[in-house]
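1. Just a sequence and a predicted model for now, questions to come.
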Amino acid sequence: MPSHSLSGKADSLRKPDHSLHNDELLAIAAPALRQQRLPPNEMEKILLELCRGRWLTRNEIAALVHRNPESLRQRYINPMVEHGLLRLR
């Protein structure tokens with residue numbers, strides 16, 4: 001399975017098609033916005049879909065899903081990178 005991408009740089013969403021206001025990204029993140037507590041596998045699916053084909057920073061992802069960036073890193077991003085699901089840029 002191809003790994004998805006997570007950027008370490010803050011400029012990843014500066015292109016018009018990758019803006020935080022992009023309807024596609026907001027639609028992907030919607031389940032996380034509607035429900036504060038999601039099962040871990042659901043949050044992982046959302047994170048994978050958000051990162052599919054684009055580089056996003058941890059802060060950008062956190063803003064999209066309305067979660068704490070450090071908590072996302074510890075609970076989801078680092079384990080997903082370790083398991084080859086995400087790649088750091």
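-> Perfect, I can see it now.

2. Helix or strand with the lowest mean pLDDT in the chain?
-> Every helix and strand in the chain was compared by mean pLDDT, DSSP states H and E; the lowest is strand 4-6, with a mean of 59.

3. any idea which helix or strand comes after that strand?
-> helix 23-34 (DSSP states H and E).

4. Next, the distance between the ends of stretch 33-46.
-> Terminal residues of stretch 33-46 are spaced 11 Å apart (Cα to Cα, to the nearest Å).

5. One more: stretch 26-41?
-> Using Cα to Cα, the end-to-end distance of stretch 26-41 comes to 19 Å.

6. How about residues contacting it?
-> Identification of contacts with stretch 26-41 by Cβ atoms under 8 Å, 6 or more residues apart in numbering yields 42-43, 46, 49-50, 64-67, 75-76. Any C-beta I mention is one placed from the backbone N, CA and C, and that applies to glycine too.

7. what about residue 84, neighbour count?
-> Summarising burial for residue 84: neighbours were counted as other Cβ atoms under 10 Å, giving 10.
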